[in-house]
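> Would you be able to build a 3D model of this:
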Amino acid sequence: MTNSISRRGIIAGFGATGLLAACGNGVGGNGSGQIDARVDATQNYLFGRYPGTRDLASRAVGVLYMPLITEAGLIYGGSYGRGALRIQGATVDYYSATKASFGLQIGAQQYTHALFFMTQPALEEFRRAKGWAAAADLRYATPSEGSTIGKATTEIEPVIALVFGQQGLIAGATLAGVKYTRIIP
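Predicted coordinates for the structure are as follows:
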């Protein structure tokens, strides 16, 4: 009997370690509590700073709050954040938002956004999708509209996005190309 370690044994060991690490899905962790606390703070800030959003949220079928998106880029860029979907004020699912980009870019920023689902079909499409990407049916509202957006939105838009709280060195924030995926925090 020899006590030598083969390459196959090492590879199998690393593979098994990787599989065990993948099994840690966060069930029983405090990830959902952290996300909910951040979403509560975001919602309070949004309603306090932009009063019209309270009316908008009350008319929405559901609201996805993404309390903190971090974006960075140097030619290649990316962003990531986690948030919660609330229906009638209660959290029903958790989501991550990811984005990859390529082009003339340099810098980093953090921002917050909320997606107001104004129609039941738009919300159902979002919840059924394996990975929902922000698309052309998204209407952007600016923070300057935030105080009147609830009253100013007279036509039915499927999804209204409000990006706010930008801090950093990249000009502007867009949700184009952002992919939302349901997660278990």
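
> Every contact and neighbour count from this point should use C-alpha atoms.
OK.

> Report the contact partners of Y180.
Y95, S96, A97, T98, G131, W132, A133 (CA atoms under 8 Å, 6 or more residues apart in numbering).

> Which of the three states applies to it?
What DSSP: H, G, I helix; E, B strand; the rest coil gives for Y180 is strand.

> and what of A114?
Classified using three-state DSSP, A114 is strand.

> Over to L56?
L56 - assigned by three-state DSSP - is helix.

> Next, count neighbours for it.
Taking other CA atoms under 10 Å as the criterion, the count of residues near L56 is 23.

> just P121 next, same as before
12.

> now the one 4 residues further on
By the other CA under 10 Å criterion, the neighbourhood of E125 contains 11 residues.

> State the distance from it to P158.
Computed as CA to CA, to the nearest Å, the E125 to P158 distance reads 11 Å.

> my read: D36 touches L85, true?
No - in this structure D36 lies outside contact range of L85 using CA atoms under 8 Å: 9.9 Å.

> Between the two, which is the more surrounded one?
L85 (24 against 19).

> who's in contact with that one?
L85 touches G62, V63, L64, Y65, T91, V92, D93, Y94, Y95, counting by CA under 8 Å, 6+ apart.

> one more time with 10 Å
Contacts for L85 (CA atoms under 10 Å, 6 or more residues apart in numbering) come out as 36, 39, 62-66, 91-95, 114-116, 123, 127, 182.

> what bridges to it?
L85 has these beta-bridge partners by DSSP bridges: L64, D93.

> tell me, what's touching D36 and L85 both at once?
Shared contacts of D36 and L85, counting by CA under 10 Å, 6+ apart, come down to Y65, T91, Y94.

> Which helix or which strand is home to D40?
Assigned by DSSP states H and E, D40 belongs to helix 31-49.

> what is the mean pLDDT for that helix?
Taken as a whole, helix 31-49 has an average pLDDT of 95.

> Contacts for it next, please.
Defining contact as CA under 10 Å, 6+ apart, one finds that helix 31-49 is touched by 26, 50-57, 64-68, 82-86, 89-91, 93-95, 112-114, 143, 146-147, 162, 164-165, 183-185.

> Filter those down to the buried ones, ChimeraX style.
Per 16 or more other CA atoms under 10 Å, the buried members of these correspond to this ChimeraX selection:
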select :50,51,52,53,54,56,57,64,65,66,67,68,82,83,84,85,86,91,93,94,95,112,113,114,143,146,147,162,164,185
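
> Wait, T53 touches L162, no?
Yes - with contact defined as CA atoms under 10 Å, T53 counts as touching L162 (9.3 Å).

> L74 is in contact with G103, isn't it?
Yes - counting by CA under 10 Å, L74 does reach G103; the two are 8.4 Å apart.

> And those two? Which one has more around it.
Using other CA under 10 Å as the criterion, L74 and G103 rank with L74 on top: 14 against 10.

> That concludes my questions; thank you for your assistance.
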